[in-house]
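Asks: Would you be able to build a 3D model of this:
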Amino acid sequence: MMKPYPDSVLNYEKGFSIIINELKTPVENSICYYFDYDARSYSVNMEFPHMHMFYEIMILLSPKAYHFIAGKPYSIINNDIVLLAPAILHQTEYLPGPPSDRIIINFMVPKHLLLHPGGYDTILSVFNDPVPIFRFDLERQKTLFQIINQLTDLSRTTEDPAVRNMMINNKFTEFLFTLYQMRKENLYEEYNSERSIKEKIYTITNYIQTHYHEDLSLAYLADKFFISSFYLSHQFKLVTGFTVVQYIQQTRVKNAQYLLLNTSLKITDIAEKIGFSSFSQFNRVFHRFCSMSPSEYKTFYNQNAMRVNAPMMSAKSNL
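Replies: Below is the predicted model:
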């Protein structure tokens, strides 16, 4: 039974979920939703970052966790809202101790709604904010989270399923619109200790983002930036959440996604253009990050007419 979570306005019931249209088999011209009220423990922390083909919202209910987004670490606390656009590499790290309660909302929006002027494209722009973590004061939390509570109440109604789904969609759109209106009231501040080494690592990640098509390696980067390979390897993982090799590969995959969706280049040419020594290596690495081959990725988005936010990474991009 739903009841208020300690130190939160949100109602919570472990194991509760709402599914409207399957994300894996999206219904044409329909928004797909998956609400998951559950817990994760330290023992099931992800070893590698991953990405989705849909939008994701995470609301942490437990005291603290860490989220790595596009290689950059963020410390999050209870009631923080994490926004993840499609194709953004991310990884959550839960702390030792009791399992961490959280709410995950995944949703996919048809392309025609995203392209409608002044519509979803505007309210979903918050997913592309420089800092993708939102923290609000209690008053604004109440305003936002009561909408989620009303939405979960609607999911339990005995209305005709089509009517119920429409009401849930309208309520969720209200949530997104309210979040968009509150975006400038965000209180989240990034943690800035050990600034000098972080700046060094960010300089290296920016170099990778603009030279990803070249023959890069840990030894090469260590030599170029006058730092030992061992120290670079250790600090790079600590600051970004990735190994150097993982970061190079995810940067190449990100650019491959852009080329697959926005050019007519052959997949073999894309593999060479973004710095892979062979097509088989490209195919293997792409599948590791995206859970599908480059050709399957391109086919999926052509068939389902979904738009992915996969911009070309550059030195101006955030980590």
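Asks: Was I right to think Leu216 contacts Tyr247?
Replies: No - taking contacts as C-beta atoms under 8 Å, Leu216 lies outside contact range of Tyr247: 9.6 Å. C-beta coordinates here come from the backbone N, C-alpha and C atoms, glycine included.
Asks: which neighbours do those two share?
Replies: Common neighbours of Leu216 and Tyr247, counting by C-beta atoms under 8 Å, 6 or more residues apart in numbering, are Ile208.
Asks: and Glu296, what element?
Replies: helix 294-304 (DSSP states H and E).
Asks: Who are the packing partners of that helix?
Replies: Counting contacts by 3 or more C-beta pairs under 8 Å, 6 or more residues apart in numbering; DSSP states H and E, helix 294-304 packs against helix 244-262, helix 267-273, helix 279-290.
Asks: Between Leu216 and Tyr247, which is the more surrounded one?
Replies: Shown here are Leu216 and Tyr247; by other C-beta atoms under 10 Å, Tyr247 has more neighbours (26 against 20).
Asks: any low-confidence regions in the stretch 51-200 of the chain?
Replies: Counting by pLDDT under 70, the stretch 51-200 of the chain shows low-confidence ranges at 112, 114-118, 190-196.
Asks: switch the cut-off to 90
Replies: By pLDDT under 90, the low-scoring segments of the stretch 51-200 of the chain are 51-53, 64-75, 87, 89-98, 109-122, 130-131, 157-162, 189-200.
Asks: who touches the strand or helix carrying Leu154?
Replies: Per DSSP H and E, Leu154 falls inside helix 138-155. Applying C-beta under 8 Å, 6+ apart, the contact partners of helix 138-155 are 2, 8-11, 16, 18, 35, 59, 79, 81, 103, 136, 164, 167-168, 171-172, 174-175, 178-179, 182, 185.
Asks: hey, C-alpha coordinates of that helix in PDB?
Replies: Extracted in PDB, the C-alpha atoms of helix 138-155 (Å, rounded to 0.1, in the frame of the first residue of the first chain):
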ATOM      1  CA  LEU A 138      10.600  21.600   0.400                       C
ATOM      2  CA  GLU A 139       7.800  23.800  -1.100                       C
ATOM      3  CA  ARG A 140       8.800  23.000  -4.600                       C
ATOM      4  CA  GLN A 141       9.300  19.300  -3.800                       C
ATOM      5  CA  LYS A 142       5.700  19.200  -2.600                       C
ATOM      6  CA  THR A 143       4.500  20.800  -5.800                       C
ATOM      7  CA  LEU A 144       6.300  18.400  -8.000                       C
ATOM      8  CA  PHE A 145       6.000  15.200  -6.100                       C
ATOM      9  CA  GLN A 146       2.300  15.600  -5.400                       C
ATOM     10  CA  ILE A 147       1.800  15.300  -9.100                       C
ATOM     11  CA  ILE A 148       3.600  12.000  -9.100                       C
ATOM     12  CA  ASN A 149       1.500  10.800  -6.200                       C
ATOM     13  CA  GLN A 150      -1.700  11.800  -8.100                       C
ATOM     14  CA  LEU A 151      -0.400   9.900 -11.100                       C
ATOM     15  CA  THR A 152       0.100   6.700  -9.100                       C
ATOM     16  CA  ASP A 153      -3.400   7.000  -7.600                       C
ATOM     17  CA  LEU A 154      -4.700   7.300 -11.200                       C
ATOM     18  CA  SER A 155      -3.000   4.000 -12.100                       C
END
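Asks: got the buried residues for stretch 75-84?
Replies: Judged by neighbour count (16 or more other C-beta atoms under 10 Å), stretch 75-84 contains these buried residues: 76, 78-84.
Asks: can you list contacts of that stretch?
Replies: For stretch 75-84, contacts defined as C-beta under 8 Å, 6+ apart pick out 7-10, 52, 55-67, 69, 74, 90, 126-127, 129, 132-136, 141, 144-145, 179, 188, 191.
Asks: Assumed Ser125 was part of a helix.
Replies: Yes - counting by DSSP: H, G, I helix; E, B strand; the rest coil, Ser125 falls inside a helix.
Asks: Phi, psi for the most centrally placed residue in the chain please.
Replies: With distances taken as C-alpha atoms, centre = their mean, Leu84 lies nearest the centre of the chain, 2.9 Å away. Here is the backbone geometry of Leu84 (degrees, to the nearest 10): phi -130, psi 120.
Asks: for it, which residues make a bridge with it?
Replies: Judged by DSSP bridges, the bridge partners of Leu84 are Glu56.
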